[in-house]
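*Asks:* have a look; sequence and predicted model below, questions after that.
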Protein chains: 2
Amino acid sequence: MSNPNKPNHWTLSARAEKMNPSVLREILKVTEKPGIISFAGGLPSPKTFPVEAFREACDKVLREDAQAALQYAASEGFGPLRELVASRLPWDVSPSQVLITTGSQQGLDLVAKVLIDEGSKVLVETPTYLGALQAFAPMEPKVVGVACDEEGVDIEDFSRKAEGARFFYVLPNFQNPTGRTMSEARRAALSAAAAKLGVPLVEDNPYGDLWFDQAPAAPLTARNPEGCIYLGSFSKVLAPGLRLGYIVAPAAIMPKILQAKQAADLHSPSFTQRMVAEVSKNNFLDEHIPTIRALYKRQCEAMQDAMKREMPAGTEWNTPTGGMFLWVRLPEGVDTVKLLPEAVERGVAFVPGAAFYADNADSRTMRLSFVTASVEQINIGIKALGEAIRAHLAARSAKPEPALET
Amino acid sequence: MSNPNKPNHWTLSARAEKMNPSVLREILKVTEKPGIISFAGGLPSPKTFPVEAFREACDKVLREDAQAALQYAASEGFGPLRELVASRLPWDVSPSQVLITTGSQQGLDLVAKVLIDEGSKVLVETPTYLGALQAFAPMEPKVVGVACDEEGVDIEDFSRKAEGARFFYVLPNFQNPTGRTMSEARRAALSAAAAKLGVPLVEDNPYGDLWFDQAPAAPLTARNPEGCIYLGSFSKVLAPGLRLGYIVAPAAIMPKILQAKQAADLHSPSFTQRMVAEVSKNNFLDEHIPTIRALYKRQCEAMQDAMKREMPAGTEWNTPTGGMFLWVRLPEGVDTVKLLPEAVERGVAFVPGAAFYADNADSRTMRLSFVTASVEQINIGIKALGEAIRAHLAARSAKPEPALET
């Protein structure tokens, strides 16, 4: 129906009417003031971008293969890059099962188009990656959060909620936002339960290569490739600004994913696909990724140490074994959405945890990224964060709670 | 509902169940044999790719701005590129109205998400760009074709079908597939009728810069910016392999387009956006685009001349004044889908016109691209095409029509 208040009778789709400005986006605007030490964004450290290798790769691609690199190409992606992806995965994957996407965010969009109808039940972890909720939303699913603990998914809760679910979206390694990693036992149990209950798993693994001391247990997809879609990314091991990721899908689903991809953007850029394929020759990733691991491990340890020094009693946080994030729970009575502007005043930013819940948000939580800021900035920023929390708690105990807060 | 025949109970969305392998894609596979002269794909001539300028741009971007070029970035796009787009459009456009997309194909996907509900009426020209039909399809519209003639849209037919339409998708310049251009009078009439009837226009203009002797009349959007969404592309003036296009949308719609963009792929590649912004400095496009026009004009004239020599009597085609395509209608009784494999046998390929109709396809039509093949190839290929058509017509008149053809 036309809305006469809109010029020229623009009528939005029902999904668009429901879209709201991204909470996280609005929050991050607050944190973009110059001089702020930000633990908010999930931005890989620019120190890890292999700039010189990219420059050589660009030069080589444009000298040797410019016509193809600048032309339209197949929707599936550049053959050698699909082969590279298949060869690096720890189970038997044919390049024909690999489709190159415009970042793994696009993988979520394609999965949503192919598997979600209006009202379809979709299961997610509690909490889960905000970008996945945003990617699924246009297809209007009913998103249901499955309980999780430090080991990963609560299998009983999953089993209770599995009936009729189109899929269960899981991020087993160094999860965004919590940084936690699913144990081997829990992976085995989840894989078995999902197969038994007939619920496909959509496994998102952008951080899996970023382990500190030991690689995480085998992917869920490796345990049941026909029952899983696997999403990966070059954003965290090379550079996010190229926007290259991939989907590995079983033959039962791949033709539909491919058609959705073609309709979405025809194909991901031929040029950047060749850049990544070229840079990755001669086992470059096997040399490069360990340098990222070492850097992030140092910064994670610095943050853990600073947290121990600076956080008030009653604050809890986890000890990630890789990835980019750690997860903090503050003492009772703190709402991290309200804390954020006070922290920004003191020069430090984080993401309030509430943004990452499909339902029943825990307002005492926050996500901290340890990868963007240097060790020196981490020490300064966590000190400022501790002060902000103490001041917040002191102000709360000094004044009575107003009847209604907005 | 679960389908027990699918492993692990994959349940496809209704939209995915309706997706079929792209007719065009399947057709183009036939044409990919080595040695085939192809007038099928809409592939810009690789001769027009400014390879050396791109190499310098890559080098400069990676020397001077690598950290930002390789990092996550704003969903709206790279500021200087948005400014470039705004400054080149022939009406008053603020950079804030410009959103950079992963090819203009993505613009169609975002428009569909924001404006189409299941069953929404969407108007398209007859025939229309196949990729638009594919981009709209996942949102399950009811697509209605509006009659067109050599001048463009039939205003009476549009007015009859306008009631309740979410938008009318139009390609006024050197249309894909027909190569025709809407006259000034018809643009004025369509713009007035759309405003009066409250139907938004989605104006797609990937070919507008590719005029031969005279720029086409002003865009529809320039006449009523609040009532139109405008889609543009760098694919035809620089290189399609970078996958960069843009949407210009009124303020009433832009926030929703932006949210859909963020959910789809976060942002288009930071690196390629900077490549294009860098290459386009110092009015490069004003020097480069005329060289493309001159090349395509020569090739179009060669194709026209060859058609006059080689086509059998009763064949009709138009004389495009720019763009990449011309449109052919063969004598009665020819189905170009059946003709295609016979033409490929003789070493030449085209796209059967039926693929481009939302409804009531004209099976006698075909699209020929004059931009990919050289003048020499055009002469050889059109000769072979003429022979294929004559042989097809001779075979048809020699044998009685079978009762049922498949």
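*Replies:* Cool, got the structure. Residues are numbered from 1 along each chain as shown, chains lettered A, B, ... in the order given.
*Asks:* can you list the residue ranges for helices in the stretch 101-250 of chain A?
*Replies:* A:103-115, A:130-136, A:155-161, A:184-197, A:220-223 (DSSP state H, counting those that start in this stretch).
*Asks:* in TSV, list those helices along with mean neighbour count.
*Replies:* (Glycine included, C-beta is placed from N, CA and C.) As requested, these are exported to TSV (neighbours: other C-beta atoms under 10 Å in any protein chain shown):
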stretch	mean neighbour count
helix A:103-115	28
helix A:130-136	24
helix A:155-161	17
helix A:184-197	18
helix A:220-223	22
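*Asks:* so which of those helices gets nearest B:Ala137?
*Replies:* With C-beta to C-beta as the measure, helix A:103-115 is the member of the helices of the stretch 101-250 of chain A nearest B:Ala137 (10.1 Å).
*Asks:* that closest one: how far from the chain's middle?
*Replies:* Put simply, helix A:103-115 sits 13 Å off its chain's centre (C-alpha atoms, centre = their mean, to the nearest Å).
*Asks:* same deal with stretch A:146-155?
*Replies:* 18 Å.
*Asks:* still on that earlier bit, least reliable of the helices of the stretch 101-250 of chain A by average pLDDT, please.
*Replies:* Among the helices of the stretch 101-250 of chain A, helix A:130-136 carries the lowest mean pLDDT, at a mean of 94.
*Asks:* wait, does that one contact chain B?
*Replies:* Yes. Against chain B, helix A:130-136 shows contacts by C-beta under 8 Å from any C-beta of the partner chain at A:131, A:134-135.
*Asks:* check stretch A:210-230 too.
*Replies:* Yes. Remark: stretch A:210-230 sits within contact range of chain B at A:224, A:226-227, by C-beta under 8 Å from any C-beta.
*Asks:* repeat that for stretch A:179-198.
*Replies:* Yes. Counting by C-beta under 8 Å from any C-beta, chain B has neighbours in stretch A:179-198: A:194-195, A:198.
*Asks:* let's see that stretch as CSV, backbone CA atoms only.
*Replies:* The C-alpha coordinates for stretch A:179-198 follow below in CSV (Å, rounded to 0.1, in the frame of the first residue of the first chain):
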residue,chain,number,x,y,z
GLY,A,179,36.1,-15.3,21.8
ARG,A,180,35.3,-18.8,23.1
THR,A,181,36.1,-22.1,21.3
MET,A,182,33.9,-25.2,21.2
SER,A,183,35.5,-28.2,22.8
GLU,A,184,36.1,-31.4,20.9
ALA,A,185,33.5,-33.3,23.0
ARG,A,186,30.9,-30.6,22.3
ARG,A,187,31.6,-30.6,18.6
ALA,A,188,31.2,-34.3,18.4
ALA,A,189,28.0,-34.1,20.4
LEU,A,190,26.6,-31.3,18.3
SER,A,191,27.5,-32.9,15.0
ALA,A,192,25.8,-36.2,16.1
ALA,A,193,22.7,-34.4,17.4
ALA,A,194,22.3,-32.2,14.3
ALA,A,195,22.6,-35.2,12.0
LYS,A,196,20.1,-37.2,14.1
LEU,A,197,17.6,-34.3,14.3
GLY,A,198,18.1,-33.4,10.6
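*Asks:* for chain A, what's the longest helix?
*Replies:* Using DSSP state H, we find that the single longest helix of chain A is helix A:284-310.
*Asks:* does chain B sit close to that one?
*Replies:* No. If you take C-beta under 8 Å from any C-beta as the test, helix A:284-310 misses chain B, and the best it gets is 13.3 Å.
*Asks:* list the buried residues in that helix.
*Replies:* Neighbour counts over helix A:284-310 (16 or more other C-beta atoms under 10 Å in any protein chain shown) mark A:285, A:288-289, A:292-293, A:295-297, A:299-300, A:302-304, A:306-307, A:310 as buried.
*Asks:* what's the nearest residue to A:Ala185 if we skip its chain neighbours?
*Replies:* Excluding its sequence neighbours, the residue lying closest to A:Ala185 (C-beta to C-beta, 6 or more residues apart in numbering or on different chains) is A:Glu151, at 7.3 Å.
*Asks:* got a list of what that neighbour touches?
*Replies:* Taking C-beta atoms under 8 Å, 6 or more residues apart in numbering or on different chains, we find A:Glu151 in contact with A:182-183, A:185-186.
*Asks:* isn't A:Met311 right next to A:Gly386, touching?
*Replies:* Yes. Between A:Met311 and A:Gly386 there is a contact under C-beta atoms under 8 Å: 5.6 Å.
*Asks:* following element in sequence after the helix or strand of chain A with the lowest mean pLDDT, please.
*Replies:* Across the helices and strands of chain A, mean confidence by mean pLDDT, DSSP states H and E is lowest for helix A:23-30: a mean of 67. With elements assigned by DSSP states H and E, the helix or strand that comes after helix A:23-30 is strand A:37-38.
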